[in-house]
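K.L.:
Output the structure for:
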Amino acid sequence: MSTLALAARDSATMTRRQLKRLLRYPSMTIQLIITPVILLLLFVYVLGGTLGNGLGSGPGSGGGSGGGGRHAYINYIVPGILLMAAATAATGTAVMVATDMTEGIVARFRTMRISRASVLTGHVVGSVIQQLLGMAVVIGIALAIGFRPNATALEWVAAAGLLTLFILAVTWLAVALGLRSPTPESASNAPMPLILLPFLGSGFVPTDSMPTAIRWFADYQPFTPIMETIRGLLLGTHIGNNAAIATAWCTAIAALSYLWAKHTYNKT
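P.N.:
Numbering: from 1, shown residues only. Here you go, the predicted structure:
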């Protein structure tokens, strides 16, 4: 059997281990779903009427045919909630990686005849599957309370592809942060800034409503073009060059995080 085939077999084994671990300890999966759903319901039903009226019906409002109000706001907010769900899941991934590193299981794996890369690959693939399922639940709840995308099948596929690329990037970053953390407790805090980025972007309000300095940061941080691309694909708003920028950000974060994680793992 070739080296590549052995690595694929070992990675599949580690992925099954990770999925069984998620089933054995479902609290993080539940948190992954509950946290964005609570925020979705809070913003839509408590703040959605007022914030939705402020969106208007221009490009990027997500409510061009809804006339403002809560209907416009739920359409607008869903892309930001989806990215927040991935950022929330990154915390769980970092904690699980740090736990493996500190409890000695990785040292035991290194004495076995398995691919070194398979340990990290199992974490990444398992987390990506978990997050995609969690996002599907969030989208289902959003549809139930009034989210009305007008995307074609091809646009849904493109949105799913971009979300998967984003999840992959955030997961590799979480793995790297988990490897760098001395304890699982510190690992739980490392990805926290990611959860704030949808707020400091176009996730909950348009960036043109922000003060100049914050607006500059919001326009150029990586989450904003990703949210604007998802919003454009699902709701028909203007995308412009956001798709290219979003893809570039996701690819760069994934590649750099992978190299960082690989270097840290090989050094420990």
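K.L.:
Give the other helices and strands that the helix or strand that contains residue 82 contacts.
P.N.:
Under the criterion of DSSP states H and E, residue 82 resides in helix 69-102. Secondary structure elements in contact with helix 69-102, counted by 3 or more Cβ pairs under 8 Å, 6 or more residues apart in numbering; DSSP states H and E, are helix 27-42, helix 48-55, helix 116-144, helix 153-180, helix 184-189, helix 192-196, helix 223-235. Glycine gets a C-beta too; all of them are placed from N, C-alpha and C.
K.L.:
What residues sit buried inside that helix?
P.N.:
69-101 (16 or more other Cβ atoms under 10 Å).
K.L.:
could you measure residue 126 against residue 102, distance?
P.N.:
When Cβ to Cβ, to the nearest Å is the yardstick, residue 126 and residue 102 sit 19 Å from each other.
K.L.:
oh, I was asking about residue 117
P.N.:
Distance, residue 117 to residue 102, using Cβ to Cβ: 20 Å.
K.L.:
Over to residue 142?
P.N.:
Distance check for residue 142 against residue 102: by Cβ to Cβ, it reads 37 Å.
K.L.:
what's the answer for residue 74, then?
P.N.:
Summarising the geometry, the distance separating residue 74 from residue 102, computed by Cβ to Cβ, is 42 Å.
K.L.:
ok, now residue 159?
P.N.:
Using Cβ to Cβ, one obtains 37 Å as the distance from residue 159 to residue 102.
K.L.:
And for residue 7?
P.N.:
25 Å.
K.L.:
what's the answer for residue 53, then?
P.N.:
Distance, residue 53 to residue 102, using Cβ to Cβ: 50 Å.
K.L.:
just residue 79 next, same as before
P.N.:
Between residue 79 and residue 102 the distance is 36 Å, computed by Cβ to Cβ.
K.L.:
just residue 223 next, same as before
P.N.:
For residue 223 relative to residue 102 (Cβ to Cβ), the value is 30 Å.
K.L.:
which residue sits closest to residue 243 in space, ignoring its chain neighbours?
P.N.:
Take residue 243 and drop its neighbours on the chain: the residue closest to it by Cβ to Cβ, 6 or more residues apart in numbering is residue 229, 4.7 Å away.
K.L.:
who's in contact with the one you found?
P.N.:
Taking Cβ atoms under 8 Å, 6 or more residues apart in numbering as the criterion, residue 229 is in contact with 159, 162, 239, 242, 243, 246.
K.L.:
Quick one: those residues as CSV, columns for pLDDT too.
P.N.:
Supplementary listing: the contacts of residue 229 in CSV, determined by pLDDT from 0 to 100:
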residue, pLDDT
159, 96
162, 97
239, 92
242, 95
243, 96
246, 97
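K.L.:
For the most centrally placed residue in the chain, which residues are in contact?
P.N.:
The structure's the chain has its C-alpha centroid closest to residue 86; by Cα atoms, centre = their mean the separation is 2.4 Å. Shown in contact with residue 86 (Cβ under 8 Å, 6+ apart): 131, 135, 163, 166, 167, 170.
K.L.:
ok, which pair from those is furthest apart?
P.N.:
Greatest spatial distance in the contacts of residue 86: 135 and 170, 12.1 Å, computed using Cβ to Cβ.
K.L.:
hmm, back to that, and the two most separated of the contacts of residue 229?
P.N.:
159 and 242 (12.6 Å).
K.L.:
can you tell me how far the closest residue to residue 36 other than its chain neighbours sits from residue 195?
P.N.:
Leaving aside its sequence neighbours, residue 36 sits nearest to residue 85 (Cβ to Cβ, 6+ apart; 4.1 Å). With distances taken as Cβ to Cβ, residue 85 is found 10 Å from residue 195.
K.L.:
Equivalent analysis for residue 143, please.
P.N.:
Note on residue 143: its distance to residue 195, by Cβ to Cβ, is 24 Å.
K.L.:
Neighbour count: these two, which is higher?
P.N.:
residue 195 (19 against 13; other Cβ atoms under 10 Å).
K.L.:
got the contact list for the closest residue to that one other than its chain neighbours?
P.N.:
Across the structure, with Cβ to Cβ, 6+ apart as the measure, the residue nearest residue 195 apart from its sequence neighbours is residue 87 (4.6 Å). Applying Cβ under 8 Å, 6+ apart to residue 87 gives the contacts 170, 191, 194, 195, 197, 198.
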